[in-house]
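**Student:** 3D model of this:
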Amino acid sequence: MTALQHYLLLAVALFCIGAWGVLARRNIILVIMCIELMLNAVNIALVAFSNYTFGGSGKGQVFVFFVFAVAAAEVAIGLAITIAQYRLRERTSVDEMKEMKG
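**Tutor:** Below is the predicted model:
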């Protein structure tokens, strides 16, 4: 196996762990952490592809900064919703978030 395959295997493993966490967990904080794990797996794949396919030009690293910005915004909004939910019901369960639909 080449080094690129090792990086991609790591990225796939992290993404699968994050996806399992999003589907299996009921705590909002843990779901947000698993989404962040999935975004980090995407970042690893972007950097690996950038270094090994484009001749090391660094184009993938530019996209990583955009993913970081999206992740930071997602965490800020997610934590704000979580704090509001906790103040209202004193629990942070994903099942109680169904009332926010619509």
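
**Student:** Neighbours of the spatially closest residue to residue 74 that is not a sequence neighbour, how many?
**Tutor:** Nearest residue to residue 74 in three dimensions, chain neighbours excluded: residue 35, at 6.8 Å (C-beta to C-beta, 6 or more residues apart in numbering). The C-beta positions use only the backbone N, C-alpha and C, and glycine is treated the same way. Using other C-beta atoms under 10 Å, the number of residues around residue 35 comes to 18.

**Student:** Surely residue 35 and residue 70 touch.
**Tutor:** No. Counting by C-beta atoms under 8 Å, residue 35 sits too far from residue 70 to count as a contact (10.5 Å).

**Student:** Who are the contact partners of the residue nearest to residue 10 when sequence neighbours are not counted?
**Tutor:** Leaving aside its sequence neighbours, residue 10 sits nearest to residue 44 (C-beta to C-beta, 6+ apart; 6.1 Å). Neighbour list for residue 44: 7, 10, 11, 14 [criterion: C-beta atoms under 8 Å, 6 or more residues apart in numbering].

**Student:** Check for me that residue 44 belongs to a helix.
**Tutor:** Yes. Judged by DSSP: H, G, I helix; E, B strand; the rest coil, residue 44 forms part of a helix.

**Student:** Distance-wise, check it relative to residue 53.
**Tutor:** 14 Å (C-beta to C-beta, to the nearest Å).

**Student:** show me the contacts for residue 34.
**Tutor:** With the criterion set at C-beta under 8 Å, 6+ apart, residue 34 makes contact with 17, 18, 19, 20, 21, 22, 25.
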